[in-house]
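1. Okay, sequence plus prediction incoming.
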Amino acid sequence: LYGVQEPVSTTFFTGMLVHDSFTVYFRAFLSLFLLLTVALTSLTGIPDEEDSPDFYCLLFGATIGMMMMASSNSLLMLFLSVEMASVPSYAMVGFLKGRKPSSEAALKYVVYGAGAAGVMLYGISLLAGVLGTADMGLLAERLGAAAAGGSGGLGDPEVRTASLGILLIMVGLAFKLSLVPFHFWCPDAFEGASAEVAGFLSVASKAGAFALLVRLCVSLAGAEGTGPLLTAFGLGLGFVACLTMTLGNLAAYGQNNLKRMLAYSTIAHAGYMVMAVAAMLVMSSSAAGATSAADVIRSMEGLLYYLFVYMFMNLGAFAVIALVRNYTFGETLDDVRGLISQSQ
């Protein structure tokens, strides 16, 4: 992803967005996945000709929001990009008209998403208020100054408030990543949505959220005096990742619906990928002041490769479900029982 030289980073829109190699990777990734999703929907016939303009408008709008998530350089843009990606996703989950499970899944997704958005916005207000800036490029410097001006630990009011703000922002990102215990919407939404939409959300939504999570963690790293705080966040994130991968794998065994089973699989994969971010936080805290943002992002190359492989694996799995659904008119394990003998 990166050469020997430092990657060129350019900010625009008064510093609210940033353009660098990390942004280019995720924009290319999301663009490729969008093309594959459109090809899948054309092949499976969902949506139909009457609804396709609305569906593709929502699909492209959500993808643009996810691209903005990958290039966010401001706490305000962080919130706006998350909502720009989330609102079309709510509509796509409930896009199958006349199906009660689809409408119910969309309602659960909207209610849970609205609550998570409110919590995240409150965390942004706390963090921006105590540090005096919404520019993510200045967060590490201001956080280091707050730690140096007081006791440096959670006993200092500014550090404690900033830590609470970061924690609440993480809640919003954990919802997008369907991390435990913010994963309850994921199985219901995937079961109620069409397989095409579920496949899109399982990869694209998580890719945008991971890009934003890495951006936020990088913006907090590198300041003197913040090592213990970042270590605590890294260990906490690692603990959540362990819970997520364990529950996701164990809960998948008892599922009969194929989309619900793959939903728990995506939860487990989110836990695997969050472990890389947790390790990055701990690494940056142990070398605070000596590790640049570019060095930290380079440590994410394994995660970026994982995401690229995950795109083909997961979209392929949901594509099989969509194609088999058109043949069997069902999406459960009972519906595909004996499929080999029927196809001979």
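-> All right, it came through fine. Numbering: from 1, shown residues only.

2. Okay, the closest residue to G45 other than its chain neighbours and D20: tell me how far apart.
-> Leaving out its chain neighbours, the residue that sits closest to G45 by Cβ to Cβ, 6 or more residues apart in numbering is N326, at 7.1 Å. Backbone N, C-alpha and C define where each C-beta goes, glycine included. According to Cβ to Cβ, to the nearest Å, N326 and D20 sit 42 Å apart.

3. more crowded one of those two?
-> When N326 and D20 are compared for neighbours, D20 comes out ahead with 19 against 13, by other Cβ atoms under 10 Å.

4. so which helix or strand takes in the residue nearest to G45?
-> Using DSSP states H and E, N326 sits within helix 301-328.

5. how distant is that helix from the center of its chain?
-> Relative to the centre of its chain, helix 301-328 is centred 16 Å away, using Cα atoms, centre = their mean, to the nearest Å.

6. Now do that helix: which elements does it pack against?
-> helix 21-44, helix 195-200, helix 206-220, helix 258-286 (3 or more Cβ pairs under 8 Å, 6 or more residues apart in numbering; DSSP states H and E).

7. Give the next helix or strand downstream of that helix.
-> Per DSSP H and E, the first helix or strand lying C-terminal to helix 301-328 is helix 339-343.

8. Just the buried residues of that following helix, please?
-> The neighbour-count criterion (16 or more other Cβ atoms under 10 Å) identifies no buried residues in helix 339-343.

9. residues making contact with it?
-> Outside helix 339-343, the residues within contact range by Cβ atoms under 8 Å, 6 or more residues apart in numbering are V324, T328.

10. then that helix to PDB, C-alphas only?
-> In PDB, the C-alpha atoms belonging to helix 339-343 read as follows (Å, rounded to 0.1, in the frame of the first residue of the first chain):
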ATOM      1  CA  LEU A 339     -30.400 -29.600  -3.500                       C
ATOM      2  CA  ILE A 340     -27.600 -31.700  -5.100                       C
ATOM      3  CA  SER A 341     -29.900 -34.600  -6.000                       C
ATOM      4  CA  GLN A 342     -32.500 -32.200  -7.300                       C
ATOM      5  CA  SER A 343     -30.000 -30.500  -9.600                       C
END
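
11. quick check: mean pLDDT across it?
-> Averaged over helix 339-343, pLDDT sits at 76.

12. so how far is that helix from its chain's centroid?
-> For helix 339-343, the distance to the chain centre is 37 Å (Cα atoms, centre = their mean).

13. same check, this time on stretch 184-201
-> On Cα atoms, centre = their mean, the centre of stretch 184-201 falls 15 Å from that of its chain.

14. okay, it in PDB with CA atoms only?
-> Presented in PDB, the C-alpha positions along stretch 184-201 are these (Å, rounded to 0.1, in the frame of the first residue of the first chain):
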ATOM      1  CA  PHE A 184     -28.500  -7.200  18.200                       C
ATOM      2  CA  TRP A 185     -29.700  -5.500  15.100                       C
ATOM      3  CA  CYS A 186     -27.400  -7.400  12.700                       C
ATOM      4  CA  PRO A 187     -29.100 -10.900  12.600                       C
ATOM      5  CA  ASP A 188     -32.600  -9.400  12.400                       C
ATOM      6  CA  ALA A 189     -31.700  -6.900   9.700                       C
ATOM      7  CA  PHE A 190     -29.900  -9.500   7.600                       C
ATOM      8  CA  GLU A 191     -32.800 -12.000   8.000                       C
ATOM      9  CA  GLY A 192     -35.400  -9.400   7.000                       C
ATOM     10  CA  ALA A 193     -33.400  -7.900   4.100                       C
ATOM     11  CA  SER A 194     -32.800  -9.400   0.700                       C
ATOM     12  CA  ALA A 195     -29.600 -11.400   0.400                       C
ATOM     13  CA  GLU A 196     -28.200  -8.800  -2.000                       C
ATOM     14  CA  VAL A 197     -28.700  -6.000   0.600                       C
ATOM     15  CA  ALA A 198     -27.400  -8.200   3.400                       C
ATOM     16  CA  GLY A 199     -24.300  -8.900   1.400                       C
ATOM     17  CA  PHE A 200     -23.700  -5.200   0.700                       C
ATOM     18  CA  LEU A 201     -24.100  -4.300   4.400                       C
END
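
15. quick check: angle from the helix holding N326 to helix 206-220?
-> Per axes from the mean of the first three to the mean of the last three Cα atoms, to 10 degrees, the angle that helix 301-328 makes with helix 206-220 is 160 degrees.

16. What are the buried residues along helix 301-328?
-> 303-304, 306-308, 310-311, 314-315, 317-319, 321-322, 324-325, 328.

17. Also stretch 36-45?
-> L36, T37, L40, T41, T44.

18. any low-confidence regions in the stretch 101-250 of the chain?
-> 149-155 (pLDDT under 70).

19. circling back to that earlier point, point out the most buried one among the helices and strands packed on helix 301-328.
-> With neighbours defined as mean count of other Cβ atoms under 10 Å, the helices and strands packed on helix 301-328 peak in mean count at helix 195-200, which reaches a mean of 28.
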